[in-house]
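Engineer: Any chance you could fold what I've pasted below:
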Amino acid sequence: MTVRTRKTYLTKEGYEKLLLKKKQLEEELKKAKRRVGEAAGDEGLWHENAAFEQAESDVSMLIRLIGEVENQIATAQIAEISASRDHVVIGSTVKVRMDGIEKVFTVLGESESDLLSGKISYTSPIGKALLGAKAGGKVKAITPGGSVQIEVLEIN
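Structural biologist: Next up is the predicted model:
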């Protein structure tokens with residue numbers, strides 16, 4: 001597991017979701033540990049026991065996931081959401097025109113992004129290009145698919 005040492009920005013809601021995710025994973029870990037004991041049985045038999053091996057695998061996976069979430073929490077910095085609509089910041093919802101098509105994006109933290117819902121990370125190529133942009137302005141993003149011109153129509 002790679003440990004992040006740099007701060008990552010999240011909205012307050014994104015941070016709260018991480019805390020909830022950690023709590024849910026810890027509950028799942030408790031259940032998985034109980035399954036290990038149940039699968040081993042009273043005699044502690046684990047040799048060639050598929051249920052035991054699956055439960056042990058689940059425990060290992062959950063421990064890894066909890067570690068990842070703890071790392072995200074440890075490096076999280078809650079972004080100060082500005083009420084100003086004069087430029088794009090983390091938390092801004094932005095109406096843009098790209099390749100003649102209007103789109104709406106919300107610029108959020110890395111773990112909050114969901115492209116299908118229009119939520120993009122501030123570290124993505126488009127998110128990076130939009131940060132600091134003003135309504136009526138144009139920016140250029142370098143994406144894996146090439147260079148994209150983006151016109152900022154509105155900032156909420």
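
Engineer: quick one, helices of the protein?
Structural biologist: When secondary structure is read from DSSP state H, the chain shows helices at 12-40, 50-75, 125-130.

Engineer: what's the distance between the closest residue to Asp58 other than its chain neighbours and Glu16?
Structural biologist: Nearest non-adjacent residue to Asp58, counting by CB to CB, 6 or more residues apart in numbering: Ala32, 4.3 Å away. C-beta: built from backbone N, CA, C; applies to glycine. Using CB to CB, to the nearest Å, Ala32 is found at 25 Å from Glu16.

Engineer: Between the two, which is the more surrounded one?
Structural biologist: For Ala32 and Glu16, the more surrounded residue by other CB atoms under 10 Å is Ala32, and the numbers stand at 19 against 12.

Engineer: what's the distance between stretch 34-41 and the middle of its chain?
Structural biologist: If you compare the mean C-alpha spot of stretch 34-41 with that of the full chain, they lie 33 Å apart, counting by CA atoms, centre = their mean, to the nearest Å.

Engineer: Check which residues of it are buried.
Structural biologist: If you call a residue buried by 16 or more other CB atoms under 10 Å, then stretch 34-41 has these buried ones: Arg35, Val36, Ala39, Ala40.

Engineer: do stretch 18-25 as well
Structural biologist: For stretch 18-25, a neighbour-count test (16+ other CB under 10 Å) marks Leu18, Lys21, Lys22, Leu25 as buried.

Engineer: Pick the one among the residues you listed closest to Gly132.
Structural biologist: If you rank the buried residues of stretch 18-25 by distance to Gly132 using CB to CB, Leu18 comes first, at 25.8 Å.

Engineer: Just to confirm, what confidence does the model report for the closest one?
Structural biologist: The confidence metric pLDDT takes the value 94 at Leu18.

Engineer: again, but for Met61
Structural biologist: 97.

Engineer: same thing with the one 4 residues further on?
Structural biologist: On pLDDT, Leu65 comes in at 97.

Engineer: residues in contact with the residue nearest to it when sequence neighbours are not counted?
Structural biologist: By the measure of CB to CB, 6+ apart, the closest residue to Leu65 outside its immediate chain neighbours is Leu25, 5.5 Å from it. For Leu25, the residues meeting the contact criterion (CB atoms under 8 Å, 6 or more residues apart in numbering) are Leu62, Leu65, Ile66, Val69.
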